[in-house]
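J.: structure for this input, please:
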Amino acid sequence: MQDSKKIVQIADLIDEKLQKEQELEFYEQELKKLLFRMSMVRQEINITETIIKMIQNNEIPNLAKKFFT
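T.: Predicted coordinates:
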């Protein structure tokens, strides 16, 4: 009887391990998505900061003058 209990416990442990591995894989995929999105947001912030600095320093050329004169 004790051997059958050990088998059930081992089977439960194996099932639990497989579930945890699947959970870990899910979170790794989600982390990849979040890291990608985070890098995109950082780039957008950098672009916005560059535009703000250019505006503050009057470095943006008047495109209308350039094209229509």
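
J.: least confident secondary structure element in the protein?
T.: Least confident helix or strand, the chain: helix 63-68 with a mean of 61, by mean pLDDT, DSSP states H and E.

J.: show me where the chain has helices.
T.: Using DSSP state H, the helices of the chain run over 2-56, 63-68.

J.: okay, these, which one's buried deepest?
T.: Mean neighbours per residue, mean count of other CB atoms under 10 Å, is largest over these for helix 2-56, with a mean of 10. The C-beta positions use only the backbone N, C-alpha and C, and glycine is treated the same way.

J.: what mean pLDDT does it get?
T.: For helix 2-56, the mean per-residue pLDDT is 91.

J.: and the most centrally placed residue in the chain, how far from residue 10?
T.: Closest residue to the average C-alpha location of the chain: residue 34 at 1.7 Å, with CA atoms, centre = their mean. From residue 34 across to residue 10, the span is 36 Å (CB to CB, to the nearest Å).

J.: next one: residue 22
T.: Going from residue 22 to residue 10 by CB to CB gives 19 Å.

J.: cool, residue 52 as well?
T.: Taking CB to CB, one finds residue 52 at 62 Å from residue 10.

J.: also residue 35?
T.: 37 Å.

J.: try residue 40
T.: Noted for residue 40: a distance of 46 Å to residue 10, by CB to CB.

J.: same check on residue 26?
T.: 25 Å.

J.: same thing with residue 27?
T.: Counting by CB to CB - residue 27 and residue 10 are separated by 26 Å.

J.: same check, this time on residue 21
T.: Residue 21 is 16 Å from residue 10, where distance means CB to CB.

J.: over to residue 56?
T.: In terms of CB to CB, residue 56 sits 68 Å off from residue 10.

J.: go on, residue 50?
T.: Separation of residue 50 from residue 10 (CB to CB): 60 Å.

J.: same question for residue 16.
T.: On the measure of CB to CB, residue 16 and residue 10 end up 11 Å apart.
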